[in-house]
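Participant: I would like to see how this sequence folds:
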Amino acid sequence: MFRSLLITLFFFSGAASITAQPKAPKPALELTAAIVSQSYCAVSGDASSIQLTLKVQYRNGGNERLILYKGHDLFFQTRIRSAPGNPAGPYEVWVLNSRYFDEEFEPIDEAAPGRVFRILPPGGIYQREIVIGVGLVSGKAERGDSAINAGEHTLQLSVSTWYKSPSLAQKLRQQWQRKGLLWFDPLASAPIRFTARRPDAIAPCR
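Facilitator: Model (predicted):
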C-alpha cells in the first residue's frame, strides 16, 4: 500500500515522465463533482465533523474511446477554501483520502481491459460517489490545519486515475490501443460552493 501511495503522489505532482511521450492531441476527460448530501456529528462542545457525499462524474469530451480505471483502489485529495466574505478570513485545508484494499486482487495486467476498467466512447459518462470528511469548529475553538470554520466555502477535488507503476501504464496503453486510449493522468474538478453550518441538534460521532 505504501508503494502505491508513493506512486499516486508522484502522479499528483505532475512530474511523471510518462506524459512527455510524443502523441496526438490528448482527448479531454472531464471531471465534475456535485454535493449530494451533508451530515454532521458532534466531537465535543465546539468541535464537530462534517461529512460530504459527492457525486463524481467522468465525461469523455474527446473523439476517441478512453479506458478508465474504476476499481476500488482510488486516491483523491480535496482542497477546501473559505469563500470571499467568510468571517473567518481566507484560509485553505487539504484533505488526502484513499480507498485501498491491498488484500483484494484486481485484474490489471491482462491482454484486454478487465472488469476494473470502463471504456468510455466519445461523450460517454461514468459516475461514482465518494465521501469526504473534515473537522468543523465553532465558538472560540482553535481551527488548526485540518478543520474548517462555519460559513461559505469552495471545494475542489483532485483524483488519481492510476495507482500502478508508470511503466505498466505505458505498456498497457500500447497493448490496449485497439480498445481505446488508457487514461492515467490525474484530474481536477472546478471548485464548487457549499455552506458549513453546525445544526442546533446534533448527535455524537460514533
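Participant: what ranges do the strands span in the protein?
Facilitator: 29-42, 47-60, 66-69, 74-82, 92-99, 117-120, 125-137, 147-149, 151-159, 181-182, 187-188, 192-196 (DSSP state E).
Participant: Touching, Pro186 and Val159? I think so.
Facilitator: Yes: between Pro186 and Val159 a contact is recorded at 6.4 Å, counting by CB atoms under 8 Å. C-beta coordinates here come from the backbone N, C-alpha and C atoms, glycine included.
Participant: which secondary element of the protein has the worst mean pLDDT?
Facilitator: Using mean pLDDT, DSSP states H and E, helix 2-12 stands out as the lowest-scoring helix or strand of the chain, at a mean of 43.
Participant: closest one to Lys171 among the strands of the chain?
Facilitator: Closest of these to Lys171 is strand 181-182, at 9.6 Å (criterion: CB to CB).
Participant: Output the contacting helices and strands for the closest one.
Facilitator: strand 66-69, helix 166-175 (3 or more CB pairs under 8 Å, 6 or more residues apart in numbering; DSSP states H and E).
Participant: so what strands line up beside that strand?
Facilitator: If you go by DSSP bridges, strand 181-182 pairs up with strand 66-69 (parallel).
Participant: ok, residues contacting the partner strand?
Facilitator: Identification of contacts with strand 66-69 by CB atoms under 8 Å, 6 or more residues apart in numbering yields 27, 29, 58, 60, 113, 116-120, 124, 126, 161-163, 176, 179-184.
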